[in-house]
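Undergrad: Just a sequence and a predicted model for now, questions to come.
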Amino acid sequence: MKVLGILGSQRRDGVTAQLLQTVLASVDPVHETETIFLGDYDFKPDTKEQPDPVLDELEQKLLESDVWVIAAPTYWRALSGKMKDFFDCLRQRLVRFDRHGETHPDRFKHKHYLSITDCYTGTFENWVTGVTDQSFKTIDQVMTAAGVIRVNEIVMTKTWGVTELPAAKKAECIKRGQQLSKLQTKDDSTVKRYLQLFVMVAVMALAAMGIQVGLGLLPRAGFWLSYGSFVVIFFALLASILHFATFMKHRRK
């Protein structure tokens, strides 16, 4: 397995770089690791006349890797410009477009990624206002379109004046790097989990409504219609709430 670190910061030795390198250094030595500092690459968008040769080189590195560790700081509540520019320039290569212009996963489907970002904002403020949320959302949106599977994420707050990672954050990075070593390539299990959730809702609803019927709190007439509609509606509402809580309003510390 090969793990590729992609550093989209202004400095190659700052906090973001330290987070990334700590993760990569914790990957089992039997696996290959490599780091790309985007500042070293003068890439440009492809044109109809000429694909960009620098993008060719970077694309090949992405293809040769099984896991991507995407590290970029949060500036002005958004992903750093260098990383965003990298995603924008790679857009035509990350996905496949159909005749309607819709995007579909292509050659990078079923690879995995870990996200890293950091900001000057304090921990509590970031937890309440979600300063780093947009950075993660941007990464997740691009990776989801490409069919790349999310492994985890790391965020560090209060980085103003920090020159060395705190012990707790270093330990978290080490843990994530060790987890990458044990990662098994597999398809995204999101659909499977939603199916499991549906079964659990159906079983619990049947038990609860069955008890209500036994106690005379629900009429027997039209039971199965009421049961079926309740399961579908309850599952849809619960799945929506879980999706919102997990992906839209995830609190990052």
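TA: Right, received. Where do you want to start? Numbering: from 1, shown residues only.

Undergrad: any idea where the helices of the chain begin and end?
TA: Listed in chain order, the helices found in the chain under DSSP state H are 15-25, 53-64, 81-94, 123-129, 133-146, 167-181, 190-214, 223-243.

Undergrad: how big is the angle separating the first one from helix 81-94?
TA: By that I understand helix 15-25. Interaxial angle of helix 15-25 relative to helix 81-94 (axes from the mean of the first three to the mean of the last three CA atoms, to 10 degrees): 50 degrees.

Undergrad: packing partners for helix 15-25?
TA: For helix 15-25, the packing partners by 3 or more CB pairs under 8 Å, 6 or more residues apart in numbering; DSSP states H and E come out as strand 2-7, strand 32-37, strand 67-71, strand 112-118, strand 149-156, helix 167-181. Every C-beta, even on glycine, is put in place using the N, C-alpha and C of the backbone.

Undergrad: and if you look at the second one?
TA: With contacts defined as 3+ CB pairs under 8 Å, 6+ apart, helix 53-64 has these neighbours: strand 2-7, strand 32-37, helix 81-94.

Undergrad: Would you mind putting these into TSV with distance to residue 74 and mean neighbour count alongside?
TA: Formatted as TSV, the helices and strands packed on helix 53-64 follow (distance: least, CB to CB, whole Å; neighbours: other CB atoms under 10 Å):
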stretch	distance to residue 74	mean neighbour count
strand 2-7	14	22
strand 32-37	18	17
helix 81-94	10	18
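
Undergrad: Distance check, residue 175 against residue 115.
TA: 15 Å (CB to CB, to the nearest Å).
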